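*Asks:* for reference, the sequence and a predicted model appear below.
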Amino acid sequence: MAKATTIKDALKKLEETRGVNAAEIEKVELYGQCPPIEKMDATLSTLKACKHLSLSTNNIEKISSLSGMDNLRILSMGRNLLKKIENVEVVADTLEELWLSYNQIEKLGGVERLGQLRVLFLSNNKIHGGVERLGQLRVLFLSNNKIRDWSEVERLAALERLEDLLLVGNPLYNDFRDNNAIAEYRVEVLKRLSNLKKLDGVPVDVDERDQALQARGPAAPAS
């Protein structure tokens with residue numbers, strides 16, 4: 001079996017191909033290495049100018065070694081072997097987008113420390129629940145996961161800036177789809193998440209928003 005590609009080797013190949021110093025590159029693309037990268041290491045700390053790091057389509061099992069990446073805005077690690085979100089707090093001050101679709105993640109613990117996060121891609125994992133402590137989050141993709149209870153959707157109401165949500169392919173969605181009731185499903189989501197502008201890739205229209213408002217009923221009077 002071929003030996004795994006290291007971060008150091010991948011960066012060397014990138015430098016040779018592009019004729020630049022990796023430490024000066026803003027978008028570092030190390031995706032789809034052959035043989036695949038299996039481990040992140042401290043070599044990443046040399047990428048001082050990097051704003052977008054792409055490590056997707058490798059065999060990485062653990063997020064690590066992000067210390068020193070002081071300008072990182074986007075971390076792309078889709079199509080790896082990740083089982084949880086960890087060791088991301090070291091880039092909490094700068095990270096705005098986290099792309100982790102097509103992994104094996106079951107829980108969202110660890111992501112709530114990312115106070116600047118605006119975009120979170122987590123489709124095609126094994127996630128059962130939502131997240132509620134990301135005050136800047138605007139885009140959340142959770143399609144094809146294990147969400148089956150409305151209580152998990154209701155948790156997302158704490159994300160006051162959330163405007164684009166993807167839930168298609170979850171058991172909750174599938175139940176409505178199988179009963180030809182997608183219109184009702186959309187109203188039920190909007191009843192709980194009134195700030196959404198787009199749901200499952202489709203813009204929210206005025207009629208849906210009105211139906212959701214009626215379904216919520218009158219607001220309780222202030223005490």
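*Replies:* Cool, the structure landed.
*Asks:* so residue 168 touches residue 143, yeah?
*Replies:* Yes: Residue 168 is within contact range of residue 143, at 4.7 Å (criterion: Cβ atoms under 8 Å). C-beta: built from backbone N, CA, C; applies to glycine.
*Asks:* anything in contact with each of these two?
*Replies:* Residues touching both residue 168 and residue 143 (Cβ atoms under 8 Å, 6 or more residues apart in numbering): residue 200.
*Asks:* so where is this protein shaky, pLDDT-wise?
*Replies:* Along the chain, segments meeting pLDDT under 70 span 1, 218-223.
*Asks:* please name the nearest non-neighbouring residue to residue 161.
*Replies:* Among residues not flanking residue 161 along the chain, residue 138 sits closest, at 5.3 Å (Cβ to Cβ, 6 or more residues apart in numbering).
*Asks:* can you check residue 145 too?
*Replies:* residue 127 is the one closest to residue 145 (Cβ to Cβ, 6+ apart), at 4.2 Å.
*Asks:* cool, residue 159 as well?
*Replies:* Closest to residue 159 by Cβ to Cβ, 6+ apart is residue 137, at 5.1 Å.
*Asks:* tell me the contacts of the one you found?
*Replies:* Taking Cβ under 8 Å, 6+ apart, we find residue 137 in contact with 117-120, 131, 159, 161-162.
*Asks:* for residue 151, same thing?
*Replies:* Taking Cβ under 8 Å, 6+ apart, one finds nothing in contact with residue 151.
*Asks:* now it: how far from residue 184?
*Replies:* Distance, residue 151 to residue 184, by Cβ to Cβ, to the nearest Å: 18 Å.
*Asks:* how about residue 164?
*Replies:* 21 Å.
*Asks:* what secondary structure does residue 174 sit in?
*Replies:* helix (DSSP: H, G, I helix; E, B strand; the rest coil).
*Asks:* distance check, it against residue 188.
*Replies:* With distances taken as Cβ to Cβ, residue 174 is found 14 Å from residue 188.
*Asks:* now residue 162
*Replies:* Here the criterion is Cβ to Cβ. By it, residue 162 lies 16 Å from residue 188.
*Asks:* check residue 199 too.
*Replies:* 11 Å.
*Asks:* same thing with residue 172?
*Replies:* As judged by Cβ to Cβ, residue 172 and residue 188 stand 9 Å apart.
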